[in-house]
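Colleague: here is a sequence with its predicted model. Questions after.
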Amino acid sequence: MERKFDAPATAKLLYGLGQQLIPKEAAGWFKIFFQGLHEETSSGAEETSQGDSSSGNSERSTTQSQTASPAPASKKRSANHFLLQAEEASSGDVEEIPMPSATLDLATSAIAAAQMVNPSQSTEKPIVTASAVPPSLGEGCDLSSLLTFDPESIEPTSSKASGEPIPSTVRGPLQRLKDLLSASTETLIEDSEEAKGILEDIQPHLPMTLQVKLWPAVTLPVFKSRVQSARQRITLRHSQLPLRADIAEKCRRLNEKKAALDAKTDTSATRAELETLHKELEDLEERVRVTKQLIQDKEALVACSQDEAKGLTADLKTELAEIRSLRNQLVTGKDEDDKAEIAEADRIRVDAVLALGVFLQ
């Protein structure tokens, strides 16, 4: 009987393996993907069969488990606890990772593929699985230092991680998956359920190196809000060009008024003249009338300047408050940063398409 794909168990397994064996540059993607996958699958998880005494009972229990009610909240908490333990274990020694029987074959292929991705990385203690397979000849061992001839001349090694051709039943879905991922990034961000479903169906037949490229691409909807926000900010910035020009013009006029205010409040020269005139008044009694009239004129000028300064100060405060209010409407940040967010999502899609193209050749 065909084994049913256990998405929650596979998510737990691959998250633990990814923390230990996947290169650092893919660790961030694995964390984002498996957290999203866990939230999605744990909400609709189904109870498994309780009896396994015979093959007939096993088939009936499998049918019943597919129509069972969603898992209780305690099972969700247990799954969350497993992900936390897997994340904590990524910084220390890992002695054993529990693996459900439905994913034993996937565990073996995942370990072998991950070792091919990063053969130099190793843990102090091996990861124990229930279906451990002895490593193939030459894996983790440099035969060139042991043999006096080139082993490739006798038995060339396969370029594929599995060493087997792509099954005919898998090639069709793979081609369909490639066609779906070849669509625009906007299309995949809106809906990638079909691509995700295809990948879940053929996942046991794919090497881990290809899965690392494909899973982030079929889960691009997690970037939907970020990409939409980035596009909205870019559109708003472009639509606010007249507002920026208006603010610049208001600032220019405000600078002119401030310069006029500074000129009006500078009365040092006038006061110096007043002192001189007072001295002339003492020395020149005959010019008393003319000098007094000049003094009155200068004093009136000072008073007028102070009144004008008060009015300009009030206008200055009002326009400055208006400019600050307009400035608060501006969208902060740079287009380059938001374009980088969009380019990151597009790069993931392109990498997935290229990886599929290489794998299908």
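Modeller: Arrived safely, thanks for sending. Numbering: from 1, shown residues only.
Colleague: where do the helices sit along the protein?
Modeller: For the chain, applying DSSP state H gives helices covering 7-21, 24-43, 55-66, 73-89, 104-117, 168-181, 185-190, 193-202, 208-218, 224-239, 241-265, 268-283, 288-327, 335-360.
Colleague: and the first one, what's its mean pLDDT?
Modeller: Confidence over helix 7-21 (mean pLDDT, whole number) is 55.
Colleague: also the second one?
Modeller: Per-region confidence: helix 24-43 scores 52 on mean pLDDT.
Colleague: how about the longest one?
Modeller: Mean pLDDT, computed over helix 288-327, is 87.
Colleague: list the contacts for the residue lying closest to L174 once chain neighbours are set aside?
Modeller: Nearest non-adjacent residue to L174, counting by C-beta to C-beta, 6 or more residues apart in numbering: L360, 6.0 Å away. Every C-beta, even on glycine, is put in place using the N, C-alpha and C of the backbone. Neighbour list for L360: I166, R171, L174, Q175, K178 [criterion: C-beta atoms under 8 Å, 6 or more residues apart in numbering].
Colleague: list the buried residues in stretch 300-317.
Modeller: A309, L312 (16 or more other C-beta atoms under 10 Å).
Colleague: and for that stretch, what's in contact with it?
Modeller: L254, K257, K258, A260, L261, K264, T265, T267, T270, R271.
Colleague: apply 6 Å and report the result again.
Modeller: Applying C-beta atoms under 6 Å, 6 or more residues apart in numbering, the external contacts of stretch 300-317 come out as L261, K264, T265, T267, T270.
Colleague: and what of stretch 258-276?
Modeller: So stretch 258-276 is in contact with K298, V302, S305, E308, A309, L312, going by C-beta under 6 Å, 6+ apart.
Colleague: can you give me the end-to-end distance of stretch 197-208?
Modeller: For stretch 197-208, the first-to-last residue distance is 17 Å (C-alpha to C-alpha, to the nearest Å).
Colleague: average pLDDT across it?
Modeller: 89.
Colleague: can you get me a residue count around P204?
Modeller: 16 (other C-beta atoms under 10 Å).
Colleague: so what's the residue count around D337?
Modeller: 10.
Colleague: ok, it to R237 distance?
Modeller: Separation of D337 from R237 (C-beta to C-beta, to the nearest Å) stands at 12 Å.
Colleague: got it, and T270?
Modeller: 50 Å.
Colleague: higher neighbour count, these two?
Modeller: R237 (17 against 13).
Colleague: wait, isn't that one in contact with Q329?
Modeller: No. With contact defined as C-beta atoms under 6 Å, R237 does not count as touching Q329 (11.6 Å).
Colleague: between these two, which contacts overlap?
Modeller: With C-beta under 6 Å, 6+ apart as the test, R237 and Q329 reach no residue in common.
Colleague: can you tell me how far P207 is from K196?
Modeller: Counting by C-beta to C-beta - P207 and K196 are separated by 19 Å.
Colleague: do the same with K334
Modeller: Where K196 is concerned, K334 sits at a distance of 33 Å (C-beta to C-beta).
Colleague: these two: who's more crowded?
Modeller: Shown here are K334 and K196; by other C-beta under 10 Å, K196 has more neighbours (21 against 11).
Colleague: contacts only, for the more buried one.
Modeller: V218.
Colleague: report how many residues lie close to K298.
Modeller: Count around K298 with other C-beta under 10 Å applied: 16.
Colleague: just the buried positions in stretch 284-292, please.
Modeller: For stretch 284-292, by 16+ other C-beta under 10 Å, it's T291.
Colleague: repeat that for stretch 170-179.
Modeller: Buried-residue list, stretch 170-179, by 16+ other C-beta under 10 Å: V170, L174, L177, K178.
Colleague: same question for it, mean pLDDT?
Modeller: Stretch 170-179 comes out at a mean pLDDT of 88.
Colleague: give me the contacts around it.
Modeller: Residues contacting stretch 170-179 (C-beta under 6 Å, 6+ apart): A195, I198, I202, H205, L356.
Colleague: relative to L199, how far out is the residue lying closest to the last one once chain neighbours are set aside?
Modeller: Pointing back at L356 there. Distances taken as C-beta to C-beta, 6+ apart put K178 closest to L356, at 4.3 Å, once the chain neighbours are dropped. Plainly put, K178 is 11 Å away from L199 if you go by C-beta to C-beta.
Colleague: I342: neighbour count?
Modeller: 18.
Colleague: actually, L210.
Modeller: 21.
Colleague: now the one 3 residues further on
Modeller: By the criterion of other C-beta under 10 Å, K213 has 21 neighbours.
Colleague: kindly report the same for V227.
Modeller: Neighbours around V227, by other C-beta under 10 Å: 20.
Colleague: check contacts around it.
Modeller: I189, I342, A345.
Colleague: distance of the closest residue to the last one other than its chain neighbours relative to A352?
Modeller: This points to A345. In space, and not counting its chain neighbours, A345 is closest to F223: 4.9 Å by C-beta to C-beta, 6+ apart. Using C-beta to C-beta, we find F223 at a distance of 14 Å from A352.
Colleague: the two: who's more crowded?
Modeller: A352 (26 against 20).
Colleague: for the more buried one, give me its contacts.
Modeller: Applying C-beta under 6 Å, 6+ apart, the residues near A352 are L181, K213, L214, A217.
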